[in-house]
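>>> Everything below, folded, please.
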Amino acid sequence: MFASFAAGAPHRPLLPLLLMLFALAELGWLAWRRRGGYDWRESAASAAVAFGNVGVRALNAALLAPLFAWVYAHRLFDADLGGPWALAGVVLLVDFLYYWMHRSSHRLRWLWATHGVHHSPTELNLSAAYRLGWTELLSGAWLFLLLPVWLGVPPLAVAAAFALNLAYQFALHSRLIGRLGPVEWVFNTPTHHRVHHACNAELLDRNFGGILIVWDRLFGTFAVAPAEVELRYGVLGRPPRYNPFAIAFGEWRAMFADWRRARGWRARLKVFV
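The predicted structure is shown next:
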């Protein structure tokens, strides 16, 4: 639902604070209406993970910027971004790539080791939105964003489009937004994203879209939660964790433990992919 370079600039400490204020506002409203939905330990752990990301993402951006600049210097074409339709096209292209990046992050365990951090909360709310892995540089999901740069889209335009995508998704984690009618045919909404985060067996690996849900409809990964089914959140087979380091590196540890137990190079390769 998260790449370091795509933020466009090093994260500032004020950003997680701002997001946490929105989460606290949601918490206050839910508490006032006695609707629950917040585990204080999980919310505190998400805040610790978010602050850890401040330094990690700044470092990642500094390391990846030269690579993106080098790819752009060897681009195939020169994209003309002089009009609003061209800019909209970049946002659409990045959203399409995000769908495949996100889907791959659920299907390839090497990518899931980072992305699984985002799915680890057992309550879905705004505090879960900023629980993002620290190991994006290692997992390499950012490689998807090199394609538009290679095709001639300036790296900053790609970064801005992806930052817009991430900003849109923040609201998708809110418990306060219900169904949005016809909007849900085209756009990703909190209703669709609750299905994505659900760990109910019949709803796993669905609704990967960022801004648009049409990609899921086109490629067969769209699902609607049955009205009578209570959605459960978290990662199957993983108990809740509250230590930010255990959250950030727990899936890597489990993956390499399975790798050590595997016999033969084929079995070991299958652990990763």
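>>> now for the lengthiest helix in the chain, which elements pack on it?
For the chain, the longest helix by residue count, based on DSSP state H, is helix 40-73. The helices and strands touching helix 40-73, judged by 3 or more C-beta pairs under 8 Å, 6 or more residues apart in numbering; DSSP states H and E, are helix 14-32, helix 126-129, helix 136-139, helix 146-150, helix 155-170, helix 244-261. Every residue, glycine included, has its C-beta placed from N, CA and C.
>>> For the fifth one, the averaged confidence score.
Taken as a whole, helix 155-170 has an average pLDDT of 95.
>>> Check the gap between residue 38 and residue 123 for me.
Distance of residue 38 to residue 123, given as C-beta to C-beta, to the nearest Å: 6 Å.
>>> quick revisit: and the angle for whichever helix or strand comes after the longest helix of the chain with helix 155-170?
Using DSSP states H and E, the helix or strand that follows helix 40-73 in sequence is helix 84-107. Orientation of helix 84-107 against helix 155-170 (axes from the mean of the first three to the mean of the last three C-alpha atoms, to 10 degrees) gives an angle of 60 degrees.
>>> Residues touching the very next helix or strand once past helix 84-107, excluding its own?
Using DSSP H and E, the helix or strand that follows helix 84-107 in sequence is helix 109-119. For helix 109-119, contacts defined as C-beta atoms under 8 Å, 6 or more residues apart in numbering pick out 1-2, 49, 102, 104-106, 128, 131-136, 138-141, 197, 199, 233-235, 247-248, 251-252, 255, 271-273.
>>> Outside of the helix or strand of the chain at the bottom of the mean pLDDT ranking itself, list whatever touches it.
Least confident helix or strand, the chain: helix 14-32 with a mean of 78, by mean pLDDT, DSSP states H and E. Residues from elsewhere that reach helix 14-32 (C-beta under 8 Å, 6+ apart): 36-38, 43, 47, 50-51, 53-54, 125-127, 129-130, 170, 174-176.
>>> tell me which residues in it are buried?
For helix 14-32, a neighbour-count test (16 or more other C-beta atoms under 10 Å) marks 16, 19-20, 22-23, 26-27, 30 as buried.
>>> Show me which pair in those residues is furthest apart.
Greatest spatial distance among these (C-beta to C-beta): 16 and 30, at 20.4 Å.
>>> Do I have it right that residue 69 meets residue 155?
Yes. Counting by C-beta atoms under 8 Å, residue 69 touches residue 155, with 6.5 Å between them.
>>> Report the separation between the spatially closest residue to residue 231 that is not a sequence neighbour and residue 138.
Excluding its sequence neighbours, the residue lying closest to residue 231 (C-beta to C-beta, 6 or more residues apart in numbering) is residue 198, at 4.3 Å. Remark: distance between residue 198 and residue 138 (C-beta to C-beta) = 27 Å.
>>> more neighbours, those two?
Using other C-beta atoms under 10 Å as the criterion, residue 198 and residue 138 rank with residue 198 on top: 23 against 12.
>>> tell me the pLDDT at the more buried one?
Model confidence at residue 198, given as pLDDT, is 96.
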